[in-house]
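> Build me a model from this:
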Amino acid sequence: QVQLVESGGGLVQAGGSLRLSCAASGRSFSRYAMGWFRQAPGKEREFVAAISWSGASTYYAGSVKGRFTISRDNANNAEYLQMNSLKPEDTAVYYCAAKIGNLTPTTPADYDYWGQGTQVTVSS
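As a prediction, the model looks like this:
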């Protein structure tokens with residue numbers, strides 16, 4: 001089992017940057033594929049990015065590709081989401097998620113563990 005805690009959210013102006021972190025506790029972090037999702041008020045939770053357990057493979061939603069970068073540090077049980085060129089439509093609660101194995105699905109139901117979320121607000 002793994003516990004996930006996100007940090008790094010906040011208020012930023014459009015065009016700015018934020019770096020989200022996800023600290024994982026528990027065993028065998030490197031055996032989990034990791035993902036980031038977000039949920040805006042009144043909307044369903046949506047896929048943002050995912051990374052394989054080695055970090056060799058990454059996947060992005062079309063809306064964030066080229067602006068966001070997902071990475072992980074298995075030695076320190078951490079996952080990151082660097083967000084650049086932020087837009088007001090990126091405003092949401094961002095969640096990190098872990099899935100046992102090396103597949104990197106884009107559906108929330110396919111992930112096994114979730115953090116509590118961190119708020120990102122982008123002002124225009």
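> partner residues bridging the residue most central in space within the chain?
Nearest residue to the geometric centre of the chain (C-alpha atoms, centre = their mean): residue 36, 2.3 Å. When assigned by DSSP bridges, residue 36 has beta-bridge partners residue 49, residue 96.
> right, and it touches residue 49 too?
Yes: applying C-beta atoms under 8 Å as the test, residue 36 and residue 49 come out as touching, 4.9 Å apart. In short, each C-beta sits where N, CA and C put it, glycine included.
> Find residues that contact each of the two.
Here residue 36 and residue 49 share the contacting residues 70, 81, scored by C-beta atoms under 8 Å, 6 or more residues apart in numbering.
> how near is the residue nearest to the centre of the chain to residue 116?
Remark: distance between residue 36 and residue 116 (C-beta to C-beta, to the nearest Å) = 14 Å.
> Same check on residue 37?
Distance, residue 37 to residue 116, by C-beta to C-beta: 13 Å.
> Who has more neighbours out of these two?
Taking other C-beta atoms under 10 Å, residue 37 and residue 116 do not tie; residue 37 has more neighbours (25 against 11).
> Got the confidence number for the more buried one?
pLDDT for residue 37: 98.
> for it, what are its contacts?
Contact analysis of residue 37 by C-beta under 8 Å, 6+ apart lists 45, 46, 47, 48, 94, 95, 97, 108.
> contacting residues around the fourth one?
Read that as residue 48. 35, 36, 37, 38, 60, 61, 64, 68, 81, 94.
> Verify the stated contact: the last one with residue 45.
No: Residue 94 is beyond contact range of residue 45, at 10.2 Å (criterion: C-beta under 8 Å).
> so where's the chain shaky on pLDDT?
In the prediction, the chain carries no residues with pLDDT under 70.
> Which stretches in it count as strands?
With DSSP state E as the criterion, the chain has strands at 2-7, 10-13, 18-26, 32-39, 46-51, 58-60, 68-73, 78-83, 92-100, 113-114, 118-123.
> Buried deepest among the ones you listed, which one?
Highest mean neighbour count among these (mean count of other C-beta atoms under 10 Å): strand 32-39, with a mean of 25.
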